[in-house]
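Asker: prediction below, plus the sequence it came from.
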Amino acid sequence: QTGTVAANPEQYDQAYICPVTIGSQTLHLDFDTGSSDLWVFSNLMPSSEVDGQTEFNTNSAGATKKDGYTWSISYGDGSGASGVVYADTVNVGGATATSQAVEAATSVSSEFTSDTGSDGLLGLAFSSINQVKPTPQTTFFDTVKSSLEAELFTADLQSNGPGSYTFGYIDSSKYTGSITYTAVDNSQGFWGFTAGGYTVGGGGSNSTGTIGSAIADTGTSLMYLPTAAVQSYYSQVSGSSYSSSQGGYIFPCSASLPSLTVSIGGHGFVVPGSNFNYSPTGSGNTCFGGLQENTGIGFTIFGDVFLRAVYAIFDETQGSPRIGFAAQ
Ligand SMILES: O[C@H]1CN[C@@H](c2nc(-c3ccc(C(F)(F)F)cc3)no2)C1
């Protein structure tokens, strides 16, 4: 089997929301290659924590409670959720898992209540970091992968318009040139890979260092690189500065932004400058940069700002996992 689902950007491309059928309900979930739990708003939550989101009905005929199973998760920004676990049929664009662990929230943090476009998350990292106790559950991809035409999924994220995820096949209309694959280190549960040198702007190679280990994370909006690369980038953006009040680099919204070329698997991938204007700060006609320092995170994260510039293939067809990127 295969699956194809639209990936709809929230405002400022903050996250990508996809329709998922669970039993007879359709919920809109944030697909996240940086975590491994499929959790949903549910009828078990206090109404004070729900602001228009669709609630998974745990009383529906097809939902089977997994007694004694609980979960609790927190995300990079400190938000989180917790609850209990059911099994139900989950269909993503035609790819169907007949008995998928569906983690029904009994409580979510205020950030999720306020994120009115999302009814929960669908994790696509490795099942080793699933947060269900006493027994971790498999991700949707792990549950269905043996039944897919090919054991892979792909992400085509777009700005201001629908992109798509595919399960089980590569859509050759989504990219140009060839796909460059590189080995994945999943020892931390993430789609980890090694990135090489970088060049700011289209000029000659002015890269002074290499980026090193990184993760591909569709659930992170921005791109977080080592300080040296970030300072090198913003040194080419006139009027840019680090704003402690905004918590990152900002610049005049009228600034012209250079591209950033990153070498992965020996191929240079170009992120256009426009990808690095993330959003207005709301003060003084300054804009918040889509490239920020990885200090304090502990990871270099290739989030949506990077992933919008490529077609990404999350591939387990070779036995050991690999990740592929192609220009689009
Ligand atoms: O944890 C890492 C795994 N991938 C990144 C991720 N972060 C979120 C997230 C989604 C929605 C919200 C909220 F709605 F604003 F609460 C917050 C965080 N989803 O994936 C970071």
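Answerer: Yep, that arrived. Note that this is a predicted model, so its numbers are computed, not measured.
Asker: skipping adjacent residues, who's closest to the residue of the stretch 101-250 of the chain found nearest the ligand in space?
Answerer: Relative to the ligand, the nearest point of the stretch 101-250 of the chain is G219 (2.4 Å; Cβ to the nearest ligand atom). No exception for glycine: its C-beta is placed from N, CA and C like everyone else's. In space, and not counting its chain neighbours, G219 is closest to D32: 3.1 Å by Cβ to Cβ, 6 or more residues apart in numbering.
Asker: show me what that neighbour is bridged to.
Answerer: Going by DSSP bridges, D32 is paired in beta bridges with G123.
Asker: R308 reaches Y16, doesn't it?
Answerer: No: with contacts counted by Cβ atoms under 8 Å, R308 stays clear of Y16, the gap being 9.7 Å.
Asker: show me the contacts for the residue positioned nearest the centre of the chain.
Answerer: Centroid check for the chain by Cα atoms, centre = their mean gives T218 as the closest residue, at 1.5 Å. Going by Cβ atoms under 8 Å, 6 or more residues apart in numbering, T218 touches 16, 31-34, 124, 155, 157, 303-304, 307.
Asker: returning to that earlier point: next up, the contacts around the residue nearest to G219.
Answerer: 121-125, 217-219.
Asker: ok, and for stretch 107-121, which residues are buried?
Answerer: Residues of stretch 107-121 classed as buried: 108-109, 112-113, 115, 118-121 (neighbour count, 16 or more other Cβ atoms under 10 Å).
Asker: doesn't K145 fall inside a helix?
Answerer: Yes: assessed by DSSP: H, G, I helix; E, B strand; the rest coil, K145 belongs to a helix.
Asker: count of neighbours near it?
Answerer: Here the number of neighbours of K145 (other Cβ atoms under 10 Å) works out to 20.
Asker: which residue comes closest to the residue nearest to the centre of the chain once chain neighbours are left out?
Answerer: Leaving aside its sequence neighbours, T218 sits nearest to T33 (Cβ to Cβ, 6+ apart; 4.5 Å).
Asker: from what I can see that neighbour touches F126, true?
Answerer: No: here T33 does not reach F126: they are 9.8 Å apart, not a contact under Cβ under 8 Å.
Asker: returning to that earlier point: name the residues contacting each of R308 and Y16.
Answerer: Shared contacts of R308 and Y16, counting by Cβ under 8 Å, 6+ apart, come down to 157, 163.
Asker: who has more neighbours out of these two?
Answerer: Using other Cβ under 10 Å, the more surrounded residue of R308 and Y16 is Y16, with 28 against 23.
Asker: that one - nearest residue in space that isn't next to it in sequence?
Answerer: Closest residue to Y16 apart from its sequence neighbours, by Cβ to Cβ, 6+ apart: A7 at 4.1 Å.
Asker: kindly report the same for T286.
Answerer: In space, and not counting its chain neighbours, T286 is closest to I250: 4.5 Å by Cβ to Cβ, 6+ apart.
Asker: same thing with N186?
Answerer: F126 (4.8 Å).
Asker: SS state for the residue of the stretch 101-250 of the chain closest to the ligand?
Answerer: The assignment at G219 comes out as coil when based on three-state DSSP.
Asker: which regions of the chain sit below the pLDDT cut-off?
Answerer: 203-208 (pLDDT under 70).
Asker: residues from it in reach of the ligand?
Answerer: Contact residues, the chain versus the ligand (Cβ under 6 Å from any ligand atom): 15, 30, 32, 34-35, 75-77, 79, 111-112, 115, 118, 121, 217, 219-220.
Asker: now with 5 Å, please.
Answerer: The chain comes close to the ligand at residues 32, 34-35, 75-76, 79, 111-112, 115, 217, 219-220, as judged by Cβ under 5 Å from any ligand atom.
Asker: only the buried residues of stretch 313-326, if you could.
Answerer: Using 16+ other Cβ under 10 Å as the test for burial, stretch 313-326 gives 313-316, 321-326.
Asker: same list (those residues) but as CSV, adding secondary structure.
Answerer: Converted to CSV, the buried residues of stretch 313-326 look like this (three-state DSSP):
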residue, secondary structure
I313, strand
F314, strand
D315, strand
E316, coil
P321, coil
R322, strand
I323, strand
G324, strand
F325, strand
A326, strand
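Asker: now the helices: where do they sit in the stretch 101-250 of the chain?
Answerer: When assigned using DSSP state H, counting those that start in this stretch, the helices of the stretch 101-250 of the chain occupy the ranges 110-114, 140-144, 227-234.
Asker: on that earlier part again, so who does the residue nearest to N186 touch?
Answerer: 36, 139, 142, 186, 189-191, 321.
Asker: of those residues, which pair is most distant in space?
Answerer: Across the contacts of F126, the longest distance by Cβ to Cβ is 14.4 Å; it joins D142 and F190.
Asker: of those two, who's got more company?
Answerer: Remark: of D142 and F190, F190 carries more neighbours, 24 against 20, as counted by other Cβ under 10 Å.
Asker: for that one, which non-adjacent residue is spatially closest?
Answerer: I215 (4.2 Å).
Asker: can you check L257 too?
Answerer: Spatial nearest neighbour of L257, chain neighbours left out: G273 (3.4 Å); criterion: Cβ to Cβ, 6+ apart.
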